[in-house]
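J.: Take a look and give me a structure for this.
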Amino acid sequence: MENDKNKKQLVELIDIKKMFLTDEVETHALNDINLQIAQGEYLSITGPSGCGKSTLLSLLGLLDTASSGQYQLAGHDASSLDRDERAKIRNKEIGFIFQAFNLISDLTVAENIELPLTYREDINKAQRQAFVKSSLERVDMVHRASHYPSQLSGGQQQRVAVARAIAGSPSIILADEPTGNLDSKNAQMVMNLLDQLHQDGATICMVTHDPRSAARAERMIEVFDGKIVADQLSNRAQAIAV
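T.: A predicted model of the protein is given here:
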């Protein structure tokens, strides 16, 4: 599916392949992936376990590199970056939301959110603190700023994880099964929060097994055997377009 030509292209994957070699057996995790994501889009990636969707998200997040192909991210040729350059671009351009929250237990909520920002040379301490406060306000967790992760419910921990992801104003938010460890009530709350972030202009790419969560996005991508087999507007997006 082609994106709106008037929107700025934020992500472009061209002929991406990813192969793993284990015990002299070559496994093709991704085959000929071509994908564009425009600024402000909200898309979901679905597919059965082992189909390659998590590998695709890792490549998008610069946590791994492709075996071949080109990756353009926010004007950067990510295909040619070394490890240190990838880390620098990743910290500035990408916000991550993980299924397991990935909060550091001996840091407070505010310290967890501030930590990734300390690696940004373009942000001073006063700016970091302002970003932390602003992101906590957006997820309604200012009153928990001095608490530790163990003092929070699962839903509250995920809200903190969302705050950490958006604190540095990244170009794109990558969410890996963001409701996977939550009950239905907290899952709904997190999905509502992602909806609001998208309405405020955030670009979101979410991997999920939950068809209801996937349908919340405006664009749905299905991966099977390492290939994109479907790329279409969700029913929700079609209804809005009408």
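
J.: drop to CA atoms for contacts and neighbour counts, all remaining ones
T.: OK.

J.: contact partners of the helix ranked longest in the chain?
T.: In the chain, assigned by DSSP state H, the helix with the most residues is helix 184-199. Applying Cα atoms under 8 Å, 6 or more residues apart in numbering, the contact partners of helix 184-199 are 40-42, 139, 154-155, 158-159, 178-180, 204, 213, 216.

J.: Let's see which of those end up in helices.
T.: Among those, the ones falling in helices (DSSP H) are G154, G155, Q158, R159, S213.

J.: For K227, grab the count of nearby residues.
T.: Neighbourhood size, K227 [other Cα atoms under 10 Å]: 20.

J.: Next: the one 3 residues further on.
T.: A count of neighbours around A230, defined by other Cα under 10 Å, yields 14.

J.: where does it sit relative to Q9, distance-wise?
T.: Distance, A230 to Q9, by Cα to Cα, to the nearest Å: 20 Å.

J.: Test my guess that T46 contacts C205.
T.: No: under the criterion of Cα atoms under 8 Å, T46 makes no contact with C205, lying 10.9 Å away.

J.: so where's this protein uncertain?
T.: 1-6, 236-242 (pLDDT under 70).

J.: one more time with 50
T.: Scanning the chain for pLDDT under 50 picks out 1-3, 242.

J.: In three-state terms, label the residue nearest the centre of it for me.
T.: For the chain, L174 is the residue whose C-alpha lies nearest the centre (Cα atoms, centre = their mean; 0.3 Å). Of the three states, L174 takes strand according to DSSP: H, G, I helix; E, B strand; the rest coil.

J.: quick one, what contacts it?
T.: The contact partners of L174, taken as Cα under 8 Å, 6+ apart, are L57, G61, I94, G95, F96, I97, I204, C205, M206.

J.: cutoff 6 Å now
T.: Applying Cα atoms under 6 Å, 6 or more residues apart in numbering to L174 gives the contacts F96, C205, M206.

J.: before we move on, what about D15?
T.: D15 is in contact with D32, I33, N34, G69, counting by Cα under 6 Å, 6+ apart.

J.: The third one reaches I14, doesn't it?
T.: Yes: in this structure, N34 is within contact of I14 by Cα atoms under 6 Å, at 4.8 Å.

J.: hey, C-alpha coordinates of the helix or strand T55 falls within in PDB?
T.: Following DSSP states H and E, one finds T55 within helix 53-60. The C-alpha trace of helix 53-60 is given here as PDB (Å, rounded to 0.1, in the frame of the first residue of the first chain):
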ATOM      1  CA  LYS A  53       7.800  -9.600  13.000                       C
ATOM      2  CA  SER A  54      10.000  -9.300  16.100                       C
ATOM      3  CA  THR A  55      13.100  -9.400  13.800                       C
ATOM      4  CA  LEU A  56      11.600  -6.700  11.700                       C
ATOM      5  CA  LEU A  57      11.000  -4.500  14.800                       C
ATOM      6  CA  SER A  58      14.600  -5.100  15.900                       C
ATOM      7  CA  LEU A  59      15.800  -3.900  12.500                       C
ATOM      8  CA  LEU A  60      13.500  -0.800  12.600                       C
END
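
J.: Show me how far that helix is from its chain's centre.
T.: How far helix 53-60 lies from its chain's middle: 10 Å, per Cα atoms, centre = their mean, to the nearest Å.

J.: Which parts of this protein are helices?
T.: Using DSSP H, helices in the chain cover 53-60, 83-93, 109-114, 125-138, 154-166, 184-199, 211-214, 235-241.
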